[in-house]
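> okay, here's the prediction I keep looking at, along with the sequence it came from:
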Amino acid sequence: MRNILFICYGNICRSPTAEFLFNYHVQQRHLSSVFHADSAAVGRDNIFSDGSGCGVYPPCALLLRERRGIDCSAKQARLLTAADYDRYEQLLVMDRQNYRAALRILGGDPLGKVRYLGDCIGGGEIEDPWYTLEFGKAFDEIERAVVSLLDSLK
């Protein structure tokens, strides 16, 4: 199994959208026995004291459901851990802040596994719709990027 991890600040918008869209396209191509994606946060804002996390932010969950029929209601935000470096073939971040924080949490990137998801479509960062309120734009960019990533991994 080839495991991919998507990373953003809170694990409630961009990274779960990437996780679910990647897994959706994997399933559409009948590659579920080959690839699997997960997602994680570099920030603790959406993690509760008992270790559980918030669900996918409603505008993102709505887009996943309406555009692709994806139910993400069971997803809970989780923190990136140093152990994730060994568990995943690639760790894809959304922006510079995520990149720096991920390297700090992971203890570096000696194998060159950490990169920007946006690089899959010719640009580095995918803006955070939490601030821009452009959830549809982020969804479209993320979908193009995960499809491109999947094409490159096959």
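Perfect, thanks for sending it.
> list the buried residues of the lowest-mean-pLDDT helix or strand in the chain.
Lowest mean confidence among the helices and strands of the chain (mean pLDDT, DSSP states H and E): helix 129-132, at a mean of 92. By 16 or more other C-beta atoms under 10 Å, the buried positions in helix 129-132 come out as 129-130. The C-beta positions use only the backbone N, C-alpha and C, and glycine is treated the same way.
> likewise stretch 7-15?
Quick answer for stretch 7-15 (16+ other C-beta under 10 Å): 7-15.
> list the residues that contact the residue lying closest to residue 33 once chain neighbours are set aside.
Closest residue to residue 33 apart from its sequence neighbours, by C-beta to C-beta, 6 or more residues apart in numbering: residue 1 at 7.6 Å. When contacts are counted by C-beta atoms under 8 Å, 6 or more residues apart in numbering, residue 1 touches 33-36.
> got a pLDDT number for residue 1?
Residue 1 carries a pLDDT value of 95.
> please tell me how far it sits from residue 32.
Using C-beta to C-beta, to the nearest Å, we find residue 1 at a distance of 9 Å from residue 32.
> do residue 106 as well
With distances taken as C-beta to C-beta, residue 106 is found 27 Å from residue 32.
> may I have stretch 47-62 as CSV, with CA atoms only?
C-alpha atoms of stretch 47-62 as CSV (Å, rounded to 0.1, in the frame of the first residue of the first chain):
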residue,chain,number,x,y,z
ILE,A,47,-7.8,19.2,18.7
PHE,A,48,-9.6,18.7,22.0
SER,A,49,-8.0,17.9,25.3
ASP,A,50,-9.0,14.3,25.1
GLY,A,51,-7.2,13.9,21.8
SER,A,52,-10.3,13.9,19.6
GLY,A,53,-10.7,16.5,16.9
CYS,A,54,-13.2,18.7,15.2
GLY,A,55,-14.9,17.4,12.1
VAL,A,56,-14.5,18.8,8.5
TYR,A,57,-15.5,22.4,8.3
PRO,A,58,-19.1,22.6,7.1
PRO,A,59,-18.5,24.5,3.8
CYS,A,60,-15.8,21.9,2.8
ALA,A,61,-18.0,19.0,3.9
LEU,A,62,-20.9,20.5,1.8
